[in-house]
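Student: Predicted coordinates and the sequence they were generated for:
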Amino acid sequence: MAHPRMYDDSNPAILRLRKVCMALGDVVEKEAWGECTFRADGGSMFAMTDNNHHQSGHVAVWVKAPAMVQEILVNSDPKKFFRPPYMGHKGWVGVKLDAGTDWSEVAAILRDGYMLSLPQKKRAAASPPPSKARPSRRKPRRG
């Protein structure tokens, strides 16, 4: 049985989220489970909307996150961040999207999720090259 659409395309939070996700690079949006999902092209899903999903009482986005990030964010501000159902046990973090949303913070969290979802070759190409600068081995002059 298909899931009914849970989101409203005219919701400003969904519009802004879509804009941020699509600006990350090769991103594919696909409706799944009645929600917007965002996937790295050739890779896996890195974000999913939560529009009162299973009567959660909020509009949010669930994002794939690096190890320990979920715990750090949820502990830092449990009113803003949460452990989402289904994906929380895999380290994903939920971010509530409301009037006080810090979109630069959301964009950074989404960027991390996107990078984790890219295929290995694309991830290497999208990452900045390591610095070639070497630390100086000379002792500082004493004056």
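Tutor: Right, received. Where do you want to start?
Student: For the protein, just list every one of the strands.
Tutor: Here the chain has its strands, by DSSP state E, at 27-32, 35-40, 45-51, 59-63, 81-82, 93-96.
Student: which one of those has the most crowded surroundings?
Tutor: Of those, the one with the most neighbours on average (mean count of other Cβ atoms under 10 Å) is strand 59-63, at a mean of 27. Where C-beta positions appear, they are placed from N, C-alpha and C, glycine not excepted.
Student: helices or strands up against that one?
Tutor: Here strand 59-63 touches helix 12-22, strand 45-51, strand 93-96, helix 103-117, going by 3 or more Cβ pairs under 8 Å, 6 or more residues apart in numbering; DSSP states H and E.
Student: Same list (the strands of the chain) but as a markdown table, adding mean pLDDT and distance to residue 17.
Tutor: Shown next, in a markdown table, are those (pLDDT from 0 to 100; distance: least, Cβ to Cβ, whole Å):
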| stretch | mean pLDDT | distance to residue 17 |
| --- | --- | --- |
| strand 27-32 | 93 | 10 |
| strand 35-40 | 94 | 8 |
| strand 45-51 | 94 | 7 |
| strand 59-63 | 95 | 6 |
| strand 81-82 | 96 | 16 |
| strand 93-96 | 96 | 10 |
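Student: Take the ones you listed and lay them out in a markdown table including distance to residue 12.
Tutor: Below are the strands of the chain laid out as a markdown table (distance: least, Cβ to Cβ, whole Å):
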| stretch | distance to residue 12 |
| --- | --- |
| strand 27-32 | 17 |
| strand 35-40 | 14 |
| strand 45-51 | 13 |
| strand 59-63 | 10 |
| strand 81-82 | 21 |
| strand 93-96 | 14 |
